[in-house]
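# Turn this into a structure:
(one chain, ligands or ions: 2)
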Amino acid sequence: MSLRFDVDAVVLDIEGTTSATGFVVDVLYPYSRSRFGAVLSERSTDPDVVRAVSQVRDLLGEPDADAVRVEKALHEWLDEDVKATPLKTLQGLIWSEGFARGDLVSHFYDDVLPVLRRWHGDGVRLYVYSSGSVAAQRAWFTSSPDGDLLPLVSGLYDTENAGPKQEPDSYRRIAGSTGVEADRLLFLSDRPGELDAARAAGWHAVGIRRPGEPYYEQGVGDHAQAGTFDEITISTSGSIT
Ligand SMILES: CSCCC(=O)C(=O)COP(=O)(O)O
Ligand SMILES: [Mg+2]
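Ligands and ions are numbered 1, 2, ... in the order given. Presented below is the predicted three-dimensional model:
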């Protein structure tokens with residue numbers, strides 16, 4: 001299947017799209033799980049930790065939840081792969097230190113980096129929109145197996161600065177922030193609910209279906225789909241600079 005788009009920017013989901021869910025679940029999740037307790041006890045005055053703990057209490061509806069209860073909730077969300085914003089904030093803190101320390105190196109499917117370099121070289125702007133926090137995304141792109149990829153990326157969006165990934169308003173917010181018209185934006189994701197939301201906001205959307213990924217069997221509904229990034233050709237005749 002070959003797909004062609006004339007757009008100014010491509011917005012990338014990470015897990016299941018540029019990168020393997022298995023890597024996130026098998027490598028990153030255990031790395032964060034074993035460190036939540038220390039972060040909650042040793043960094044309880046860090047503004048990011050304070051905000052995350054408050055958000056956990058709000059989500060639980062338990063304003064007095066102590067550190068043990070908060071850590072238990074984080075472990076449960078991890079087990080169920082709930083993409084809760086405070087979980088992602090705390091994971092981002094932990095992972096960015098792990099990447100900086102050299103404990104972690106990110107994962108990209110083989111087709112992704114050559115295509116991202118080509119699109120970038122052709123003047124297509126690249127953005128990331130992931131449930132992983134902006135801190136995690138920055139570390140992920142900085143510490144790739146192919147070196148620092150952050151210069152390829154014009155902006156990073158998560159559930160905190162854009163909003164939930166299944167709500168059209170989040171995509172409208174991103175369009176406003178990038179200055180790119182909705183119909184000049186292409187979103188790539190593995191999840192049909194996210195593709196639906198992007199389309200409802202007037203974006204182009206392509207479902208990425210990779211064998212072995214959690215959403216592979218379910219498919220991407222009536223969205224255009226690609227098995228690899230090589231199947232997508234972008235030309236950019238727009239006027240953005
Ligand atoms: C570097 S982000 C780590 C992956 C992660 O935690 C996550 O939730 C990714 O979800 P996505 O929205 O990219 O499918
Ligand atoms: Mg995804």
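# For the closest residue to ligand 1 within the chain, give me phi and psi.
Proximity of the chain to ligand 1 (C-beta to the nearest ligand atom) peaks at Gly132, 2.1 Å away. C-beta: built from backbone N, CA, C; applies to glycine. Main-chain dihedrals, Gly132, degrees, to the nearest 10: phi -60, psi 140.
# list the contacts for Leu150?
With contacts defined as C-beta atoms under 8 Å, 6 or more residues apart in numbering, the neighbours of Leu150 are 138, 141-142.
# Please report how far it lies from Thr142.
Distance, Leu150 to Thr142, using C-beta to C-beta, to the nearest Å: 5 Å.
# May I have the secondary structure class of Val206?
At Val206 the chain is in strand, as set by DSSP: H, G, I helix; E, B strand; the rest coil.
# Identify the residue nearest it in space, chain neighbours excluded?
Ala224 (4.9 Å; C-beta to C-beta, 6 or more residues apart in numbering).
# The one you found contacts Ile208, doesn't it?
No - between Ala224 and Ile208 there is no contact under C-beta atoms under 8 Å: 10.4 Å.
# Comparing these two, which shows the higher neighbour count?
Ile208 (28 against 16; other C-beta atoms under 10 Å).
# Roughly how far does the residue nearest to the spatial centre of the chain sit from Ile174?
By C-alpha atoms, centre = their mean, the chain has its centre lying nearest to Ser130, at 1.7 Å. Distance of Ser130 to Ile174, computed by C-beta to C-beta: 12 Å.
# follow-up on the earlier one: what's the residue nearest to Val206 sitting at in phi/psi?
Note on Ala224: its backbone torsions stand at phi -60, psi 150 [degrees, to the nearest 10].
# before we move on, back to that, look up phi and psi at the closest residue to the residue nearest to the centre of the chain other than its chain neighbours.
Sequence neighbours aside, Ile14 is the residue nearest to Ser130 in space, at 4.2 Å (criterion: C-beta to C-beta, 6+ apart). According to degrees, to the nearest 10, the main-chain angles of Ile14 amount to phi -100, psi -70.
# tell me the contacts of Ile14?
Counting by C-beta under 8 Å, 6+ apart, Ile14 makes contact with 128, 130, 132, 137, 140.
# Just give me the closest of the residues you listed to Gly193.
Comparing the contacts of Ile14 against Gly193 with C-beta to C-beta places Ser130 closest, at 14.5 Å.
# still on that earlier bit, if I read this right, the residue of the chain closest to ligand 1 contacts Lys88, doesn't it?
Yes - counting by C-beta under 8 Å, Lys88 is a contact partner of Gly132 at 5.9 Å.
# residues contacting the nearest residue to Ala201 once chain neighbours are set aside?
Nearest residue to Ala201, sequence neighbours excluded (C-beta to C-beta, 6+ apart): Tyr171, at 3.6 Å. By C-beta under 8 Å, 6+ apart, Tyr171 lies in contact with 162, 182, 185, 187, 197-198, 200-201, 203.
# and if you look at Tyr29?
Residues in contact with Tyr29 (C-beta under 8 Å, 6+ apart) are Leu78.
# what's the spacing between it and Glu42?
21 Å.
# if we can go back for a sec, would you report which members of the contacts of Tyr171 are assigned to helices?
Among the contacts of Tyr171, the members falling in helices (DSSP state H) are 197-198, 200.
# Just put those in TSV and tack on distance to ligand 1.
Shown next, in TSV, are the ones in helices among the contacts of Tyr171 (distance: C-beta to the nearest ligand atom, whole Å):
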residue	distance to ligand 1
Ala197	12
Ala198	12
Ala200	18
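# Kind regards, and thank you for your time.
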